[in-house]
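In: Got a sequence here, can you model it:
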Amino acid sequence: MSSPSEEAFGLEGDVLDEIFSEWEDSATNKVINKETKSSPAPSDAKQKEKDASSSASTSFEYTVNKAESCSDICFSPLEKFRPGYLWVTDLTRQIWCEQQLYYTFTVPSIAGENPVMTAGTDLHLARELAAHDIVKVEVQSSEDIWAIKMLNLHSALITFLTGGKIAREVPVFGNPFKENLLVVGIIDELQFDPSLYTIELNELKTRQSSSFPSKAQKKQHNFQVMLYKTLFDDLVKGKVSKEFMASSLQIDLRKELGQAIKEHAEKQFVVIKNLNDLMDTIFHKIQTLTCINRIFIEYVHQESKQTIGHVEIEYDVSEISGLYKQCVQFWRGNRSSVGVEIEEAWKCQKCNFQSVCEWREKKAAECEFKNKQNKKIK
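Out: Reported below is the predicted structural model:
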């Protein structure tokens, strides 16, 4: 039977299912019933984040309309494609190829089932279920949905504050580097050492091959885990306010939560009426913890399920802040999307949009021009 302090929750119903897809812990919204089991490991809710670069290679034909509409000119990508905030998924996909990300919003694609992502998802889910059970909870409003996410974070905090050492599927959110932009995500695994009072982050990445990833993939993965640390640490430092969350999510902190939500909160020994109460509790408890002191990425071979290796990532604030701010410029509409450079053109071979990619055409033309110029010089 589950310990009340180790219960976390998900959602039942179709309220904003698509909008909150990254914070869902499976194909449906749900509650995590954290009944600790032996040798648990990272999880899967966000396999969308982890294998975002492994898109299905389905070909199609489509004519890109180059004439921009008024909405294209007047609204930023953040306003057109997202509900005023971003997921970590968006940013990691952007690091992989910003042009590809843009096309996923603007060009219809026929995406077949991707065996690579499916295998990765299965492995993540198996590890998640080794750590906790899943219980559905009925929701009636967007406030209820965010309460579920907050309760899943609260469950992780209670785990650590009551002597537990591992928490999985830990929601994080915040305003990285004071850009006034909400970012949300889910950390695979946090490990807490109560004797040293330290917290380590472990992110699971699955691979088809038994080798470590390429330089480009490492850049994407490193950015992801450094951003997770930034979000978690900012919560610990008290840098995230209720008012910022309410404004970004367009929710009412004083709106009474549904009865099912309040009942499940009571199982975590939390008596609440609304999100304002819940966030006060969470912010107080997380600020008694410490910042993440070490970051690891675990690479696992999909077929054999064997660990390829653990890589420790050094947190570089100048690197992560520079990349993040560059990404934000696109979302705010301050610059157009850009694709990969010639050195990373190999990414295009598995891209659904290679046949319509204007960036690819532009780079091919540049390369052809350079070759002609070189021939003239010779």
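
In: just checking, what packs against the strand or helix carrying Ala260?
Out: Using DSSP states H and E, Ala260 falls within helix 259-267. In terms of contacts (3 or more C-beta pairs under 8 Å, 6 or more residues apart in numbering; DSSP states H and E), helix 259-267 is packed against strand 7-9, helix 142-161. For glycine as for every other residue, the C-beta is placed from the backbone atoms N, C-alpha and C.

In: Recalculate using a threshold of 10 Å.
Out: Counting contacts by 3 or more C-beta pairs under 10 Å, 6 or more residues apart in numbering; DSSP states H and E, helix 259-267 packs against strand 7-9, strand 31-33, helix 142-161, helix 275-286.

In: I'd like the distance from that helix to the chain centre, please.
Out: Relative to the chain's own centre, helix 259-267 is displaced by 26 Å; criterion: C-alpha atoms, centre = their mean, to the nearest Å.

In: Now do the buried residues in it.
Out: Across helix 259-267, burial judged by 16 or more other C-beta atoms under 10 Å covers 260-262, 264-265, 267.

In: With stretch 347-367 instead?
Out: 347-348, 351-354, 356-357, 359-360, 363.

In: Please list all residues in contact with Leu278.
Out: Counting by C-beta atoms under 10 Å, 6 or more residues apart in numbering, Leu278 touches 143, 146-147, 150-151, 153-154, 242, 253, 257, 261-262, 265, 270, 272.

In: Now list the buried members of these.
Out: For the contacts of Leu278, a neighbour count by 16+ other C-beta under 10 Å gives the buried set as 143, 146-147, 150-151, 153-154, 253, 257, 261-262, 265, 270, 272.

In: Strands of the stretch 101-250 of the chain, residue ranges please.
Out: Secondary structure of the stretch 101-250 of the chain, counting by DSSP state E, counting those that start in this stretch: strands at 133-135, 166-174, 183-193, 198-207.

In: Let me see the mean pLDDT of the shortest one.
Out: For strand 133-135, mean pLDDT rounds to 72.

In: cool, and the longest one?
Out: For strand 183-193, the per-residue pLDDT values average out at 96.

In: Adjacent strands (with direction) for that strand?
Out: Sheet pairing for strand 183-193, assigned by DSSP bridges, gives strand 86-87 (parallel), strand 166-174 (antiparallel), strand 198-207 (antiparallel).

In: Check those strands for me and report the most buried one.
Out: Ranked by mean neighbour count, the strands paired with strand 183-193 are led by strand 166-174 with a mean of 25 (mean count of other C-beta atoms under 10 Å).

In: how far is that one from where the chain is centred?
Out: That offset, for strand 166-174, works out to 11 Å (C-alpha atoms, centre = their mean).

In: cool, stretch 100-111 as well?
Out: The chain centre lies 19 Å from the centre of stretch 100-111; the measure is C-alpha atoms, centre = their mean.

In: And stretch 243-252, by the same measure?
Out: Counting by C-alpha atoms, centre = their mean, stretch 243-252 comes out at 19 Å from the chain centroid.

In: send the alpha carbons of that stretch over as PDB?
Out: Extracted C-alpha coordinates of stretch 243-252, given in PDB (Å, rounded to 0.1, in the frame of the first residue of the first chain):
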ATOM      1  CA  GLU A 243       2.400  36.100  -9.100                       C
ATOM      2  CA  PHE A 244       4.800  35.200 -12.000                       C
ATOM      3  CA  MET A 245       3.300  31.700 -12.300                       C
ATOM      4  CA  ALA A 246      -0.300  33.000 -12.300                       C
ATOM      5  CA  SER A 247       0.400  35.700 -14.900                       C
ATOM      6  CA  SER A 248       2.300  33.300 -17.200                       C
ATOM      7  CA  LEU A 249      -0.300  30.500 -16.900                       C
ATOM      8  CA  GLN A 250      -3.300  32.800 -16.800                       C
ATOM      9  CA  ILE A 251      -4.800  31.000 -13.800                       C
ATOM     10  CA  ASP A 252      -6.600  32.200 -10.700                       C
END
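
In: could I get the strands of the stretch 101-250 of the chain as CSV with distance to Cys327?
Out: As requested, the strands of the stretch 101-250 of the chain are exported to CSV (distance: least, C-beta to C-beta, whole Å):
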stretch, distance to Cys327
strand 133-135, 32
strand 166-174, 15
strand 183-193, 10
strand 198-207, 19
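
In: follow-up on the earlier one: spatially, which two of the contacts of Leu278 are the most separated?
Out: Largest separation among the contacts of Leu278 by C-beta to C-beta: Lys242 and Lys262, giving 18.5 Å.

In: hang on, the earlier thing: which residue in the buried residues of stretch 347-367 has the weakest pLDDT?
Out: Lys363 (83).

In: what phi and what psi does the backbone show at it?
Out: Main-chain dihedrals, Lys363, degrees, to the nearest 10: phi -70, psi -40.
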